[in-house]
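S.K.: give me coordinates for this.
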Amino acid sequence: MFRNLMSAFLALVALAGVARAEQIYSAEAFSAAQKAGKGVVVHIYAPWCPTCRAQEPILHKLEADPKFSGVEAFRVDFDSQKDAVRAFKATSQSTIIVFKGGKEIGRSVGETRAKGISDLLDKAL
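M.R.: Residues are numbered from 1 along each chain as shown. This next block holds a predicted model:
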């Protein structure tokens, strides 16, 4: 019985990891992640954007990968968080920006290939 309970628990933990999503951007949380030395991914997103919607499942799958467990992911709403969009110098939604050591080290606009997004996120490690 213990083994069955443990197996069920581990399955739930695995499912929870798959469901991990970007957190809503705040300047405080972003700054704290950078000060903690974490790699950071910022996704400039709009719910009406088909490219953003294509990027989203790829990002969620990568975020659930244990390889990226130390990377913080943030979502900036392109329409309602204009100050943050300007601060990141993003000119359009579907922009993914990667930071490491407090510095921007990669940026992509409109990338929807899993390999391209994965290669970009690898820079955060």
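S.K.: bridge partners for the most centrally placed residue in the chain, pull those for me.
M.R.: The centre of the chain sits closest to Ala73, judged by C-alpha atoms, centre = their mean, with a distance of 3.2 Å. Counting by DSSP bridges, Ala73 forms beta bridges with Val41.
S.K.: which ones are touching it?
M.R.: Ala73 sits next to 21-23, 40-43, 59, 63 when contact means C-beta atoms under 8 Å, 6 or more residues apart in numbering. Using the backbone N, CA and C atoms, a C-beta is placed for each residue, glycine as well.
S.K.: kindly report the same for Gln81.
M.R.: Counting by C-beta under 8 Å, 6+ apart, the residues that Gln81 touches are Tyr25.
S.K.: rewinding a little: farthest pair within the contacts of Ala73?
M.R.: Between any two of those, the greatest separation by C-beta to C-beta is 15.2 Å, found for Ala21 and Val40.
S.K.: tell me which of those two has more neighbours.
M.R.: In this comparison of Ala21 against Val40, neighbours counted by other C-beta atoms under 10 Å, the higher total goes to Val40 at 23 against 12.
S.K.: what's the closest non-adjacent residue to Ala114?
M.R.: Counting by C-beta to C-beta, 6 or more residues apart in numbering, Ile58 is the residue found nearest to Ala114 once chain neighbours are left out, at 5.0 Å.
S.K.: next one: the one you found from Asp122, what distance?
M.R.: Computed with C-beta to C-beta, to the nearest Å, the distance linking Ile58 and Asp122 is 13 Å.
S.K.: between these two, point out the one with more neighbours.
M.R.: In terms of neighbours (other C-beta under 10 Å), Ile58 is the more surrounded of Ile58 and Asp122; the figures are 19 against 15.
S.K.: please report phi then psi for the more buried one.
M.R.: With angles defined as degrees, to the nearest 10, Ile58 shows backbone torsions of phi -70, psi -50.
S.K.: quick one: contacts for it?
M.R.: Remark: with contacts taken as C-beta under 8 Å, 6+ apart, Ile58 is in contact with 112, 114, 117-118.
S.K.: show the buried residues in the residues you listed.
M.R.: In the contacts of Ile58, burial by neighbour count holds for 117-118, counting by 16 or more other C-beta atoms under 10 Å.
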